[in-house]
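quick one, what's the 3D model for this:
(2 chains)
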There are 2 protein chains.
Amino acid sequence: MSELALQAEKLDAADELAALRTRFVLDETVYLDGNSLGALPAVVPDRVADVVRRQWGELRIRSWDESGWWTAPERIGDRIAPLVGAAAGQIVVGDSTSVNVFKALVAAVRMAGEEGADRTEILVDATTFPTDGYIAESAARLTGRTLRAVTPAEVPAALSDRTAAVLLNHVDYRTGRLHDLPGLTAAIHAAGALAVWDLCHSAGALPVGLDEHGVDLAVGCTYKYLNGGPGAPAYLYVRQELQPRFDSPLPGWNSHTDPFGMSPSYTPAPGALRGRVGTPDILSMLALEAALEVWDGVSVAAVRAKSLALTDFFLRCVSAYTEPGRVESVTPGRHEERGSQVALRCADAGEVMKRLISRGVVGDFRHPDVLRFGFTPLYVGFAETERAARILGEELA
Amino acid sequence: MSELALQAEKLDAADELAALRTRFVLDETVYLDGNSLGALPAVVPDRVADVVRRQWGELRIRSWDESGWWTAPERIGDRIAPLVGAAAGQIVVGDSTSVNVFKALVAAVRMAGEEGADRTEILVDATTFPTDGYIAESAARLTGRTLRAVTPAEVPAALSDRTAAVLLNHVDYRTGRLHDLPGLTAAIHAAGALAVWDLCHSAGALPVGLDEHGVDLAVGCTYKYLNGGPGAPAYLYVRQELQPRFDSPLPGWNSHTDPFGMSPSYTPAPGALRGRVGTPDILSMLALEAALEVWDGVSVAAVRAKSLALTDFFLRCVSAYTEPGRVESVTPGRHEERGSQVALRCADAGEVMKRLISRGVVGDFRHPDVLRFGFTPLYVGFAETERAARILGEELA
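Numbering: from 1, shown residues only, chains lettered A, B, ... in the order given. I've put the predicted structure just below:
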């Protein structure tokens, strides 16, 4: 057994989160794609079966009340809240991330415009997952603002009294770089603008601290590190103080203060409910609710510590097992700049990933030349991390 | 046995759709709320279990390709298409009805504006289910148009060369009135405007004829007569000729022509895919796909014939069993003006509905004074229709 394999054994033995793996349905595959689709939590299948057979099949329409369907968006939002450092009453679940980016950004622009300042510009992360940029372009067009794409590092210099809102990613989907949410949020606020954060690649992998850092609005998906299932509904955070001013561009009947009053005029509900739109997709939503039970008793700080240990160890193993220069890590080495994935650039990345998958090491490929390996501390261990790096080294030899 | 009960037996015996009831999970309840939440199709629980346990749990990320997750929105759209009289390639499934109303209406206004005419006004059904009116208000505000609410009957007189688009309901959610889709669409087109139809209360209950009548855009939910499950994803129809001009206000990455190219600039996909936004909610979506199998071999014309026979018979039974003047039907008597529900006005409707439900007759109550009874021809029979009317008569006595 190699030295690294021995170290992996010791690290696994000392891992206080190791037992959490049993909360998931896993096999011998080394699954390093939880940053794209989280593994299936063991509690989900029976819960979904109950939702379908009993709640829908037997109770039918009564379940909107009796099975708590109607209040699911805010109830599940409150379950996500502690994972992203938010007090209750600020998150609703529903719709896709893209739709929530639209709500958040249009609402942010409207709030920024309330002060009478001539805030004509939206800044968007130039390195963003594309959908955020596309939606930001639409939000700018519909609100009569201009959109400017800048890297997160360029944001402080780009801010001015013309800036209405800034849309940023907490962790870059491609490189795994963690951006400075506290510092950038403070800079945005100093310029009098609103900060909108996309947490897709950070929530569930590291502390976010939405309340602590005064983030204005945030969105995120729930199918990556939150393991909510394929296309599980996204969420929207609206800071409590801003909720009375949150003016949604998608004021569906579910956000009305009296939805069953069937009034022809719209009066928004108080609180986070204002972020709701239409009828929630209950099957996906209650699968997510069950999935969140894997977090019972789990500290996000412990998850972060293990995440960094895993990515450190993976980078060491890759260094040891791969000839120099064959791959280049585009994930920052410094902990304060690293999310929970490692992205390696190599020339034939698409082919390499196919071979890795055929050998039971599942990561993914991002155009044009990036191998992505996501580390979900709830179910990824050190021995399999060593194995993944070893097989990668063999395939790259 | 009463004469009406005997007639019900004969009608059930002659009902060519009677056997379809076995395709659903039902009990002794008379379920007349399928216009709110359709009953559970028998094929759904095992399908959903497979999606969760095998597709998500075992194949995980591979299912986006191998289980056909990625193409589900357009594949399921094509399955809905014949039910609403549309050729393939014009419908995508996803998001809520409210979100799809937003896409459709903003896109319609943009298309109407292309011709250079000063089309400054959107007309919306004043009797609409509220969410359509709220969303129309937002679409008007964001596109700089004015919104005017008129009843469907007033639409022809309200149309002018200033009209950009008209949003109408095919069947009124409260009264069950069927509006004249062919005639109103023709009038809207004659004024040079675009017709956007909400099919929530008609699709699956009666022929719609989207292609035949030249409807421009349409939306609908799938959890009523299409039995897709609670909050199942809605759909968007964009007439083929308009697709190249469909300019979505929600241009998420799923509608990009090369979504995995991760380009920072947006180039919309051709065809109906342009209506997609974010990652589809697979659990809800594949439950819907399974649910649509109950339509195999079923003719919408036969469904319509049975629907009218059921509502005719229910109205006759209510007349026979209820003292005159105790209730008033707000559902039109003429077949060409009737959807698939009967709405009865009575003073203490909320209390009456509670008592009916406690006796196993499930309809619903709509503020302030309407009892709604939905008739889903796929699983509602004549004997239970007679029983529902009889129990209603007893409770009203």
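
every contact and neighbour count from this point should use C-alpha atoms.
Fine.

didn't A:W69 look like it was pressed against A:S63?
Yes - A:W69 is in contact with A:S63 according to CA atoms under 8 Å; the separation is 6.3 Å.

which helix is the longest one in chain A?
helix A:300-321 (DSSP state H).

ok, back up a step: A:W69 and A:S63: which is more packed in?
More crowded of A:W69 and A:S63, by other CA atoms under 10 Å in any protein chain shown: A:W69, with 24 against 18.

quick one, grab the pLDDT at that one.
Per-residue confidence (pLDDT) for A:W69: 98.

did I read that right, it in a strand?
No - applying DSSP: H, G, I helix; E, B strand; the rest coil, one finds A:W69 to be coil, outside a strand.

can you list the weak-confidence ranges in the stretch 51-200 of chain A?
For the stretch 51-200 of chain A, the stretches flagged by pLDDT under 70 are A:115-116.

what residues does it have near chain B?
Contacts of the stretch 51-200 of chain A with chain B, taken as CA under 8 Å from any CA of the partner chain, map to A:52-53, A:56-58, A:60-61, A:95-99, A:102, A:126, A:129-135, A:138-139, A:142-143.

list the ones among these that fall in strands.
In strands, judged by DSSP state E, none of those are found.

out of those residues, which end up buried?
Buried members of those, scored by 16 or more other CA atoms under 10 Å in any protein chain shown, are A:52-53, A:56-58, A:60-61, A:95-99, A:102, A:126, A:129-135, A:138-139, A:142-143.

report how many residues lie close to A:I91.
Neighbours of A:I91 under the rule other CA under 10 Å: 32.

and the gap between it and A:G271?
9 Å (CA to CA, to the nearest Å).

same deal with A:S299?
Taken as CA to CA, the span from A:S299 to A:G271 is 27 Å.

these two: which is more packed in?
Remark: of A:S299 and A:G271, A:G271 carries more neighbours, 22 against 14, as counted by other CA under 10 Å.

show the contacting residues for that one.
The contact partners of A:G271, by CA atoms under 8 Å, 6 or more residues apart in numbering or on different chains, come to A:G89, A:Q90, A:Q240, A:Q243, A:P244.

just among those, which is most surrounded?
Top of the contacts of A:G271 by neighbour number is A:Q90, holding 25 neighbours under the definition other CA under 10 Å.

please tell me how far that one sits from chain B.
Plainly put, A:Q90 is 22 Å away from chain B if you go by CA to the nearest CA, to the nearest Å.

and that residue, what does it touch?
A:G77, A:D78, A:A81, A:Y237, A:V238, A:R239, A:Q240, A:G271, A:A272.

also A:T331?
So A:T331 contacts A:T175, A:G176, A:R177, A:R338, A:Q341, A:V342, A:A343, A:L344 (CA under 8 Å, 6+ apart).

chain B: which of those residues is nearest?
Among these, A:T175 lies closest to chain B (CA to the nearest CA), at 13.4 Å.

would you confirm that the closest one contacts A:S340?
No - with contact defined as CA under 8 Å, A:T175 does not reach A:S340; the gap is 10.3 Å.

what's the nearest residue to A:V327 if we skip its chain neighbours?
Spatial nearest neighbour of A:V327, chain neighbours left out: A:C346 (4.9 Å); criterion: CA to CA, 6 or more residues apart in numbering or on different chains.

got a list of what that neighbour touches?
Taking CA under 8 Å, 6+ apart as the test, what A:C346 contacts is A:R326, A:V327, A:E328, A:D369, A:V370, A:L371.

and it, how far from A:P324?
Distance, A:C346 to A:P324, using CA to CA: 12 Å.

over to A:I80?
On the measure of CA to CA, A:I80 and A:P324 end up 42 Å apart.

check A:F246 too.
A:F246 sits 52 Å away from A:P324, going by CA to CA.

who's more crowded, the two?
Each of A:F246 and A:P324 has its neighbours counted (other CA under 10 Å); A:F246 has more, 25 against 10.

nearest residue to that one other than its sequence neighbours?
The shortest distance from A:F246 to any residue other than its chain neighbours is 5.8 Å, reached at A:A107 (CA to CA, 6+ apart).

check the secondary structure at the one you found for me.
A:A107 - assigned by three-state DSSP - is helix.

I'd say it and A:P251 touch.
No - in this structure, A:A107 is not within contact of A:P251 by CA under 8 Å, at 11.2 Å.

higher neighbour count, those two?
Neighbour totals were compared for A:A107 and A:P251, and A:P251 leads with 29 against 25 (other CA under 10 Å).

nearest residue to the middle of chain A?
A:C200 (1.9 Å; CA atoms, centre = their mean).

and for that one, nearest residue in space, chain neighbours not counted?
A:G220 (4.4 Å).

surely the one you found touches A:T97?
Yes - using CA under 8 Å, A:G220 is in contact with A:T97, at 5.9 Å.

please enumerate the shared neighbours of those two.
Taking CA under 8 Å, 6+ apart as the contact rule, A:G220 and A:T97 both touch A:A234, A:Y235.
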